[in-house]
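> Sequence first, predicted model second:
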Amino acid sequence: MTNAKISKIPSVKKQIILPGDKSISHRAIMLSSLAKGDTKIKNFLPAQDCLCTLAAFEAMGIAVKKPKGDQLLIKGAGLRGLHKPDSEIYLGNSGTSMRLLLGILAGQEFQATLTGDDSLIKRPMRRVTNPLKQMGAHIDGADNGNLAPLKIKGGKLRPINYNLPISSAQVKSCIMLASLYADGVSNIKEPQQSRDHTERMFKLFGAKVSADNGISVTGPSSLISPGEINIPSDISSAAFFIALGLLLPKSQITIKSCGINPTRTGLLDIVKRMGALIDIVNIQGQDYEPYADIVVKTSKLNCITVQAHEVPKMIDEVPILALIAALASGTSVIKGIGELRVKETDRINSMVTNLGTMGVDISVQGDSIIIKGPAKLKAANVKSYGDHRTAMTMVIAGLLADGETIIDDTACIDTSFPEFMELVAQLRA
């Protein structure tokens, strides 16, 4: 295992450029592979999760050229152009890869098996396999198709009217992808809107989709390559540096060309309510995925109550928000965070345990986290629990704490942000 030793830094004044958005990178590979024509993808994120998605499509016959590290050229094969893989498709730790791929495979005429690492095969998949079975796919796996390895045989799919019990971009996107192969109109609704990258990319590729009142997808629907996709920097990766810029004394961090899709900016909305000094400048890309420069300055923050309906817009940022709340004045409450128990790890347990070890008064009541601040962070030995967002949150905590913090098993960071530790090291320069 790779351990990291992190010590406090006094202040930071930097401009930084972050890698491409993970969610968009996954979807760009998928839709480019299913489209007619060649697609050039710029600022692709070459993290482990996205590389698993790329390898899966290569295993199904998609031709990929890699002109340089952050660019791909994908030769689309059309909706029916995938081939049966020669062996199981291994997806590492990537829940996005597995859930979205199941939707695509539901419409194929061959059988495939999806598997992953020790963490992924424990994560619940019934939330996607149940609606896919209703549409006509045949799926076998442990616990009645809930756990990988999952064997899926596509079928002649029926359209579906489906109300998601919990807002989830992965579940929604899985059903949307399967709906491309169904004969008729599928309607999908969720309690609150989750990130809408799939809806935006469907429109970019010419799919028959409407997102005015819930989501409607008319199938069968062909996809046509737009020729080029430019992926903005990942706001979920930016969240760690946003937190550092807010909490570190006498600091200013500018994050260049970062995605500001309104379904992903929940953290920005919340910290602004807490008193954060943040400016959004140079806004561009409004016709596809908006992006801008985010300027963050040291701020005096007050406590916040986050309601359950706000969580889908910042589901990946809850761990770093817990750290921000720990250093704000007063008692903060983050409600409706039950979904964090079924991420790469139980992120509720990981944050309560780690931040508690570092001196934070943090507890759980039902589906809410209660954090009493401001804490004086003390260095400690903490665990990543094999989860990239937990690990990165604890690195930022170490940069703010007195003493030397040791974080075990930071190799998991590579699943989403391989350059993270290098960028943190540059902050000291």
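Yes, it's here.
> For the stretch 151-300 of the chain, just list every one of the helices.
All helices of the stretch 151-300 of the chain, identified by DSSP state H, counting those that start in this stretch, fall at 169-179, 197-204, 235-247, 266-273.
> which stretches of the stretch 301-429 of the chain form strands?
Secondary structure of the stretch 301-429 of the chain (DSSP state E, counting those that start in this stretch): strands at 305-306, 330-334, 361-365, 368-373, 381-383, 404-408.
> Pipe the ones you listed into a markdown table and attach mean pLDDT, mean neighbour count and distance to residue 86 per row.
Glycine gets a C-beta too; all of them are placed from N, C-alpha and C. A markdown table is the format used below for the strands of the stretch 301-429 of the chain (pLDDT from 0 to 100; neighbours: other C-beta atoms under 10 Å; distance: least, C-beta to C-beta, whole Å):
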| stretch | mean pLDDT | mean neighbour count | distance to residue 86 |
| --- | --- | --- | --- |
| strand 305-306 | 96 | 18 | 47 |
| strand 330-334 | 97 | 19 | 45 |
| strand 361-365 | 94 | 14 | 46 |
| strand 368-373 | 95 | 20 | 45 |
| strand 381-383 | 96 | 19 | 38 |
| strand 404-408 | 97 | 19 | 37 |
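> Out of the ones you listed, which is closest to residue 258?
strand 305-306 (21.6 Å; C-beta to C-beta).
> Run through the strands of the stretch 101-250 of the chain in chain order.
Going by DSSP E, counting those that start in this stretch, the stretch 101-250 of the chain shows strands at 111-115, 138-141, 147-153, 161-163, 184-189, 209-210, 215-219, 228-230.
> any residues touching the second one, and which ones?
Read that as strand 138-141. The contact list for strand 138-141, computed with C-beta atoms under 8 Å, 6 or more residues apart in numbering, reads 102, 125, 129, 132-133, 145, 147-155.
> With only the CA atoms kept, save that strand in CSV.
C-alpha atoms of strand 138-141 as CSV (Å, rounded to 0.1, in the frame of the first residue of the first chain):
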residue,chain,number,x,y,z
HIS,A,138,-31.6,-11.2,-19.1
ILE,A,139,-29.3,-10.7,-16.2
ASP,A,140,-27.8,-13.2,-13.8
GLY,A,141,-25.7,-12.6,-10.8
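> Paired strands for that strand, with orientation please.
strand 147-153 (antiparallel) (DSSP bridges).
> The partner strand vs strand 111-115, what angle?
170 degrees (axes from the mean of the first three to the mean of the last three C-alpha atoms, to 10 degrees).
> Now do strand 147-153, average pLDDT.
Strand 147-153 shows a mean pLDDT of 97.
> care to break the protein down by domain?
4-20+232-426, 22-210 (automatic domain parsing).
> quick one on the thing from earlier: nearest to residue 418 among the contacts of strand 138-141?
residue 148 (24.3 Å).
> tell me the contacts of that closest one?
Counted by C-beta under 8 Å, 6+ apart, residue 148 has contacts 98, 114, 115, 116, 120, 121, 123, 125, 141, 142.
> hang on, the earlier thing: kindly reformat the helices of the stretch 151-300 of the chain as CSV containing mean neighbour count, mean pLDDT and distance to residue 5.
Output for the helices of the stretch 151-300 of the chain, formatted as CSV (neighbours: other C-beta atoms under 10 Å; pLDDT from 0 to 100; distance: least, C-beta to C-beta, whole Å):
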stretch, mean neighbour count, mean pLDDT, distance to residue 5
helix 169-179, 27, 97, 35
helix 197-204, 22, 97, 36
helix 235-247, 26, 97, 17
helix 266-273, 20, 97, 27
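> Buried members of the contacts of residue 148 into PyMOL, please.
Entered in PyMOL, the line below selects the buried ones among the contacts of residue 148, by 16 or more other C-beta atoms under 10 Å:
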select buried, resi 98+114+115+116+120+121+123+125+141
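> mind putting the contacts of residue 148 in TSV, distance to residue 348 and pLDDT included?
Output for those, formatted as TSV (distance: C-beta to C-beta, whole Å; pLDDT from 0 to 100):
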residue	distance to residue 348	pLDDT
98	22	98
114	27	98
115	27	98
116	22	97
120	19	94
121	21	95
123	15	92
125	21	96
141	26	95
142	25	93
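> Closest to residue 186 out of the contacts of residue 148?
Nearest member of the contacts of residue 148 to residue 186, counting by C-beta to C-beta, is residue 125, at 19.6 Å.
> Assess the claim that that closest one and residue 144 are in contact.
No: if you go by C-beta atoms under 8 Å, residue 125 and residue 144 don't touch, sitting 10.5 Å apart.
> what's around residue 76, how many residues?
Residue 76: 21 surrounding residues under other C-beta atoms under 10 Å.
> And the pLDDT at residue 340?
Value for residue 340, per-residue pLDDT: 67.
> can you check residue 428 too?
So residue 428 comes in at 84 (pLDDT).
> from what I can see it touches residue 10, true?
No: the pair residue 428 / residue 10 is not scored as a contact, 9.6 Å apart, by C-beta under 8 Å.
> still on that earlier bit, farthest-apart pair in the contacts of strand 138-141, please.
Taking C-beta to C-beta, no two of the contacts of strand 138-141 sit farther apart than 147 and 155, at 21.5 Å.
> hmm, back to that, can I have the buried ones of the contacts of strand 138-141 as a PyMOL selection?
Buried subset of these, written as a PyMOL selection, criterion 16+ other C-beta under 10 Å:
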select buried, resi 102+125+129+132+133+145+147+148+150+151+152+154+155
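> for the contacts of strand 138-141, which one is nearest residue 285?
Distances from residue 285 to the contacts of strand 138-141, taken by C-beta to C-beta, are shortest for residue 102, at 30.0 Å.
> Just the pLDDT for the closest one.
On the pLDDT scale, residue 102 gets 98.
> Next, count neighbours for residue 3.
Neighbours around residue 3, by other C-beta under 10 Å: 12.
> dump the residue contacts of it.
So residue 3 contacts 406, 407, 408, 409, 410 (C-beta under 8 Å, 6+ apart).
> out of these, who's nearest residue 293?
Among those, and counting by C-beta to C-beta, the member closest to residue 293 is residue 410, at 28.4 Å.
> Bridged to the spatially closest residue to that closest one that is not a sequence neighbour, which residues?
Using C-beta to C-beta, 6 or more residues apart in numbering and skipping the chain neighbours, the partner closest in space to residue 410 is residue 4 (4.5 Å). Beta bridges link residue 4 to residue 407, judged by DSSP bridges.
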